[in-house]
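[1] Below is the sequence, then the predicted model.
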Amino acid sequence: MFFDGWSDLLRILVVGSLAYAGLVGFLRVSGKRTLAKMNAFDLVVTVALGSTLATVLLNNDVSLAEGLFAFALLCALQYVVAFLAVRSAAFRKAIKSEPALLFRNGEYLRVAMTRERVSEDEIRAAIRAAGQPDPSRVAEVVLETDGSFSVVGGAETQSAVEGGPS
């Protein structure tokens, strides 16, 4: 229960090291875009890569070759989706959301907030996290396609805040 033997630990050491090296190699070949968190699809791919690595490390029924193939498949699918999204407006619209303006010049935009399931408290928290203590000095709060908030406060203040609606 607590220790089944050195062979399991040795397997994790060898397979884990090789799987990690393989994943790093695939990520270098596929480019920076593979791990970008620009939309929900990107997040799913990132989580799937991590889950695949964990499965390869801890599940004796999954071989290193199967894990590397899964990494290659996920990276290839991400590449194809990004390639098509850049070249086809219809495809891009189908897989990506648009940024949503939630707050402008001191006014909460209730229809957009309801559609995006964002509360006033979340908007105020984003404004505070951006270092702006006075919401009246904020020009806009935008919910970006990756779920983060962008708080735009006049010409002197602009920042992005992690997080988004749950």
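    Received the coordinates, thanks.

[2] gap between residue 82 and residue 142?
    Noted for residue 82: a distance of 23 Å to residue 142, by C-beta to C-beta, to the nearest Å. Glycine gets a C-beta too; all of them are placed from N, C-alpha and C.

[3] Residue 89 now?
    With distances taken as C-beta to C-beta, residue 89 is found 21 Å from residue 142.

[4] Those two - which one has more neighbours?
    A direct count of neighbours by other C-beta atoms under 10 Å for residue 89 and residue 142 places residue 142 higher, at 19 against 9.

[5] which residues touch whatever helix or strand the more buried one lives in?
    Residue 142 is part of strand 140-143 when elements are defined by DSSP states H and E. Identification of contacts with strand 140-143 by C-beta atoms under 8 Å, 6 or more residues apart in numbering yields 99-105, 116, 118, 123, 126-127, 149-152, 164-165.

[6] mind running it again at 7 Å?
    99-104, 116, 118, 123, 126-127, 149-152, 164 (C-beta atoms under 7 Å, 6 or more residues apart in numbering).

[7] Can you find the helix or strand in the protein with the smallest mean pLDDT?
    strand 158-161 (a mean of 48; mean pLDDT, DSSP states H and E).

[8] returning to what we had before: quick check: of the contacts of strand 140-143, which lies closest to residue 43?
    Ranked by distance to residue 43 (C-beta to C-beta), the contacts of strand 140-143 are led by residue 164 at 10.9 Å.
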